[in-house]
Structures are given as structure tokens and as C-alpha cells.
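Q: Model the following, please.
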Amino acid sequence: MRANSQASRVLLFSVLFIFVDVLLATGQASQPVAGKSPQSASAPAPAAVAPSSASDTSKFVGAETCKTCHEEIYNAWEKTPHWKTTLNKEGGPSHQGCEGCHGPGAEHVAGGGDVTKIFTFKDASTKQINARCLSCHTGGPQHMNAINSIHTQNQVSCISCHSPHHAETKEFLLTKAQPELCYSCHLQQKSQFEMPFHHRVNEGLIQCSDCHNVHGTVGPKQVRTSATQDAVCFTCHTDKQGPYVFEHEPVKIEGCSSCHIPHGGANPHMLRVSNVNLLCIQCHTNSAPNAKTGAALGTPSFHSQETFFKSCTLCHIQIHGSNFDPTFFK
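A: Predicted coordinates:
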């Protein structure tokens, strides 16, 4: 009987000990962690909520607000194609008005015109400026090579030639009209167009951009190609294009500029040298007497180069190519 009573007391104490231990553990778990609320300690924090459309639009103040300080710039911009395009463009405030190019202006306005709170083109790098412009002006044959163009490689940005606010031309918003805009950098070409024989750029018959894509091409000198993907020269000089049965190799391999100065020169045909004979013997010399060597055929012994006016093209009249004679006689 005494043994059973002792066993009952031991069992009772064990149950009480376990109950007290459970209460202590529960109390410690409910203690708040320093710096955290009881809710954060007992449950994971909720995921961050994406900003609402209202909070996005609150960053933009609209073009009319910009006008209150920049009225002169706004009035000039209002007369350009950008005004109509940006105000009617889809995509919300971030793609419309002044802020379509300069970014949201709320912080700029709140800071009393703090220029560090908005994108200003005059303080930006060429890469940053071009990226802004190409966010809209991208794709198509005109701008597809703009990033790798010679102009971009030489730190010529879009606003070096274009002015969204104070353009002098309605078309393309250029800072100057062609060719004076191009001449501001390309002085050598300007002097070539002053030569006695030249393409009539100064006269306004053609423009620099008729032959060159100023935004870049895959070819050298940013020269365009014709509609048939041949040299751009054939756009006007169609009688020289061919195809011919007998081709003059330099025309197809090296192009027109292997013999001609495209902008202008002293020769009536804008050749690279004053006399056509001097041009021909640059390839057709007696040191390469036959075609088997892989070089151009040399001049035969009966060709006299002593008479200045005895031009090679007096006989080889179809020098660009012929359908009848391999020596381009007719």
C-alpha cells in the first residue's frame, strides 16, 4: 500500500514538472524580439507591394508646369513635330511632353529647379544622349546602325546636329541646313565641292545625306547603297551600272571611288589624277604583261605615252564595262 502511494506521488510530480516546463517555453516564445513587433516575430513579413499607378503618375508634372519656368523653350518646342508627336503618344506621362525626354519632373519642381533632379542633355555624355533619342528613333534603315556609326564613335551625339527646341529646319530639326551643317566638321569635303568639277551640292541639286546615311551603315564612309544594294552612285549614273558581259574589275571590287573623287576635283570626270593615262598605268604597267599573273594587263609596246593627249579612253571607250569586247573597245 505504501509502495503504491509513493509511486502515485512520483507520477504527480512528473506531470506537474512537464506542465510547468511547457508554460515557461510558451512564455519565452511570446516575448517580442528587440526591434521587431510581435506580429513580425510570429509570422513572415508580407511581400513588397508594387507601386500603384497613382504613385507613378505623381512623379510627372506635365508640360504645362514646365512652361511656367521655361516658357521660351516651350513656345519653340510647340512649333516642332516633337510637340504633336509626344503629346499624342501612347504610354502615359513617361512618354509625353517635356518629361518624355527629360524624365519625371516632380523632384525638379520640388527642389526649386534643381538641375540634378532631372535629365539635362547639355551635361550628359554622348552615350546617354543617344540612348534617350534612340528610345523612340530606333529601327528601320535610317537608325539601325546608329550605335556603331562613325559619328557615335567620334563622340558626335544626336544634339550635335539636331535641336528639339531651336531647330533651323522644319525637316529633321537640324541646327543648320545642309551642307553647312556637314561643313562645320568636314572641311576637306567643303574645299572639294569648290573645285571646278564637282557634284552640285553647293547649288542645292543634291545633299550630303543623299549619298551618306549620317546615322551609320555597314559599309565604309557611311555611304548608302542603291535600291538594288549596289553602289549609291548608280542611283544617278544608271548607264554605268551594268551588268556587263565583260566587267572592269575595279568597278565591282573597289568601287567607283577607286578612280573618281566623289566630291569634286580638277579633272572633268573627277578622276583622282589630272590625266586619265596616269590613272590607267597605276594598274596597267609593263611589270604585269599578262593576266595569268593575277594582275592587270600591261600596256603593249606600241602604246605611246609620250603624247599627252593620247588618252586611253579614246579607244577603250566602254571603260566601265562592255557587252561585246573584253578590251572595252565598244
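Q: tell me which helix or strand of the chain sits lowest on mean pLDDT?
A: Ranked by mean pLDDT, DSSP states H and E, the weakest helix or strand in the chain is helix 38-42, scoring a mean of 37.
Q: Can you get me the start-to-end distance on stretch 73-83?
A: For stretch 73-83, the first-to-last residue distance is 12 Å (CA to CA, to the nearest Å).
Q: what number of residues lie near Ser274?
A: By other CB atoms under 10 Å, the residues close to Ser274 number 11. C-beta coordinates here come from the backbone N, C-alpha and C atoms, glycine included.
Q: So it versus Gln188, what's the distance?
A: Per CB to CB, to the nearest Å, Ser274 is found 19 Å from Gln188.
Q: Could you pull up the residues touching Leu205?
A: His199 (CB atoms under 8 Å, 6 or more residues apart in numbering).
Q: low-scoring pLDDT stretches of the stretch 151-300 of the chain, where are they?
A: 286-300 (pLDDT under 70).
Q: how about the strands of it, start to end?
A: For the stretch 151-300 of the chain, the strands defined by DSSP state E, counting those that start in this stretch cover 197-198, 246-247, 264-265.
Q: In a markdown table: those, plus mean neighbour count and distance to Gly92.
A: Putting these into a markdown table (neighbours: other CB atoms under 10 Å; distance: least, CB to CB, whole Å) gives the following:
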| stretch | mean neighbour count | distance to Gly92 |
| --- | --- | --- |
| strand 197-198 | 15 | 51 |
| strand 246-247 | 15 | 57 |
| strand 264-265 | 20 | 51 |
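Q: In JSON lines: those, plus distance to Val214.
A: Below are the strands of the stretch 151-300 of the chain laid out as JSON lines (distance: least, CB to CB, whole Å):
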{"stretch": "strand 197-198", "distance to Val214": "20"}
{"stretch": "strand 246-247", "distance to Val214": "31"}
{"stretch": "strand 264-265", "distance to Val214": "20"}
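Q: What mean pLDDT does whichever strand or helix holds Val109 get?
A: For Val109, the host element (DSSP states H and E) is helix 106-110. In this model, helix 106-110 has a mean pLDDT of 94.
Q: Tell me which residue is most central in this structure.
A: By CA atoms, centre = their mean, the chain has its centre lying nearest to Ala146, at 1.9 Å.
Q: Distance check, that one against Ser209.
A: Going from Ala146 to Ser209 by CB to CB gives 14 Å.
Q: Find residues that contact each of the two.
A: Residues touching both Ala146 and Ser209 (CB under 8 Å, 6+ apart): there are none.
Q: Walk me through the domains of the chain.
A: For the chain, the domain assignment from automatic domain parsing gives the residue ranges 61-119, 126-224, 237-330.
Q: ok, now which ones touch Ser274?
A: With contacts defined as CB under 8 Å, 6+ apart, the neighbours of Ser274 are Ala266, Asn267.
Q: any idea how far Ile261 is from it?
A: In this view, Ser274 and Ile261 are 11 Å apart by CB to CB.
Q: hmm, back to that, list the buried residues in the helix holding Val109.
A: Neighbour counts over helix 106-110 (16 or more other CB atoms under 10 Å) mark Ala106, His108, Val109 as buried.
Q: contacting residues around it?
A: Helix 106-110 is contacted from outside by Ser58, Lys59, Phe60, Val61, Thr65, Asp114, Val115, Lys117, Ile118, using CB under 8 Å, 6+ apart.
Q: Weed out the non-buried ones from the residues you listed.
A: Taking 16+ other CB under 10 Å as the criterion, what is buried in those is Phe60, Val61, Thr65, Lys117, Ile118.
Q: among these, which are in helices?
A: Per DSSP state H, helices hold the following members of the buried ones among the contacts of helix 106-110: Thr65.
Q: residues contacting the closest residue to Cys280 other than its chain neighbours?
A: Of all residues not flanking Cys280 in the chain, Cys312 sits nearest, at 4.6 Å (CB to CB, 6 or more residues apart in numbering). Residues in contact with Cys312 (CB under 8 Å, 6+ apart) are Val276, Asn277, Cys280, Ile319.
Q: picking up where we left off before, generate JSON lines for the buried residues of helix 106-110, with distance to His70 as supplementary columns.
A: Putting these into JSON lines (distance: CB to CB, whole Å) gives the following:
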{"residue": "Ala106", "distance to His70": "16"}
{"residue": "His108", "distance to His70": "11"}
{"residue": "Val109", "distance to His70": "11"}
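Q: still on that earlier bit, for Asp325, find the nearest of the strands of the stretch 151-300 of the chain.
A: Asp325 lies closest to strand 246-247 among these, at 6.7 Å (CB to CB).
Q: what distance separates the closest one from the centre of its chain?
A: 38 Å (CA atoms, centre = their mean, to the nearest Å).
Q: Packing partners of that strand?
A: Under the contact criterion of 3 or more CB pairs under 8 Å, 6 or more residues apart in numbering; DSSP states H and E, strand 246-247 touches strand 321-322.
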